[in-house]
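**Student:** just to be clear, the model below is a prediction. Sequence and coordinates:
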Amino acid sequence: MATAKKITKTKKIAYTAIEAPVFSMEGKKVGAVTLPESLFGAPWRSDLVHQVTTAMQANARQNRASTKDRAEVSGGGKKPWKQKGTGQARHSSSRSPIWRHGGITFGPRPERDYSEKINRKMRIGALLSVLSKKAKEGEIIFVDKFIFAAPKTATAKIALAALAKNADVATLTTKKNNTALVALSAYNAATIKSFKNFGNIMTEEMRNINPVDVLSRKYLIIENPEAAFKMLLARAKSK
């Protein structure tokens, strides 16, 4: 007699509110912010994150590979020899794929489409999962505002050094590749140009951040957290 399996329900882990310091551009602590559960309390979904990130990378892929089939290779218009009587195999063209310098069979073609569909719920769900993981691992730094009177790389370098010292993240200035993503509350040409000369720093508006950009950098620097949270909440509600 078959015995029914007992179904056990997994208990939902209670969210522990995370309070993070907010720094000024000079590295001074100017306040603190409590990370809302709706944005930073999502569980880590490795399967969802993998599916979304690989689909986004596929959508960004440009198909440049192209080969010629037997109809596109130049030459081969004349039949190599007559059909019968030579003792050789029958051939209609010297540009057949089995001939040297002939066309390519089943080679890559520019018509191939690598794009994949990503549902809105999947995209925002993966982003919240990544943000929650970053917050729990202490890899998010909050800055009240970046103020640059004019684009100045030297000023941006000083700001990064101050943040690295006071936020206790030394690798912010020592890591050579994929160090940080600076998420701005709004478009600011002076700030973007100030960080542009850093090969390991990327700038993006908060409303445009995605799981691929966040995961590909060690740290996430969020400017104006209150405005950033409002943008993220608006995106989360739309799923």
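**Tutor:** Right, received. Where do you want to start?

**Student:** in terms of secondary structure, what does the longest helix seen in the chain contact?
**Tutor:** Scanning the chain for the longest helix, with DSSP state H as the assignment, gives helix 120-136. Contacting helix 120-136 under the criterion 3 or more Cβ pairs under 8 Å, 6 or more residues apart in numbering; DSSP states H and E are the following elements: strand 18-23, helix 37-40, helix 46-59, helix 211-215, helix 225-237. For glycine as for every other residue, the C-beta is placed from the backbone atoms N, C-alpha and C.

**Student:** buried set for the next helix or strand after it?
**Tutor:** With elements assigned by DSSP states H and E, the helix or strand that comes after helix 120-136 is strand 140-143. Residues of strand 140-143 classed as buried under the neighbour-count rule (16 or more other Cβ atoms under 10 Å) are 140, 141, 142, 143.

**Student:** how distant is strand 140-143 from the center of its chain?
**Tutor:** When distances are taken as Cα atoms, centre = their mean, to the nearest Å, strand 140-143 is centred 19 Å away from the chain's centroid.

**Student:** wait, what's in contact with the residue nearest to the spatial centre of the chain?
**Tutor:** When the chain is reduced to its mean C-alpha position, the closest residue under Cα atoms, centre = their mean turns out to be residue 212, at 1.6 Å. When contacts are counted by Cβ atoms under 8 Å, 6 or more residues apart in numbering, residue 212 touches 53, 56, 57.

**Student:** once you drop chain neighbours, what's closest to the last one?
**Tutor:** Just to be clear, that refers to residue 57. The spatially closest residue to residue 57, leaving aside those adjacent along the chain, is residue 212, at 6.5 Å (Cβ to Cβ, 6 or more residues apart in numbering).

**Student:** cool, residue 185 as well?
**Tutor:** Spatial nearest neighbour of residue 185, excluding adjacent residues (Cβ to Cβ, 6+ apart): residue 224 at 3.8 Å.

**Student:** got the confidence number for that neighbour?
**Tutor:** We note a pLDDT of 94 for residue 224 in this prediction.

**Student:** wait, isn't it in contact with residue 144?
**Tutor:** Yes - the pair residue 224 and residue 144 qualifies as a contact (Cβ atoms under 8 Å) at a distance of 6.7 Å.

**Student:** measure residue 118 to residue 53 for me?
**Tutor:** In this structure, residue 118 and residue 53 are separated by 10 Å, where distance is defined by Cβ to Cβ, to the nearest Å.

**Student:** scratch that, residue 153
**Tutor:** For residue 153, the distance to residue 53 equals 31 Å [Cβ to Cβ].

**Student:** of the two, which one has the most company?
**Tutor:** When residue 153 is set against residue 53 and neighbours are counted by other Cβ atoms under 10 Å, the residue ahead is residue 53, at 19 against 13.
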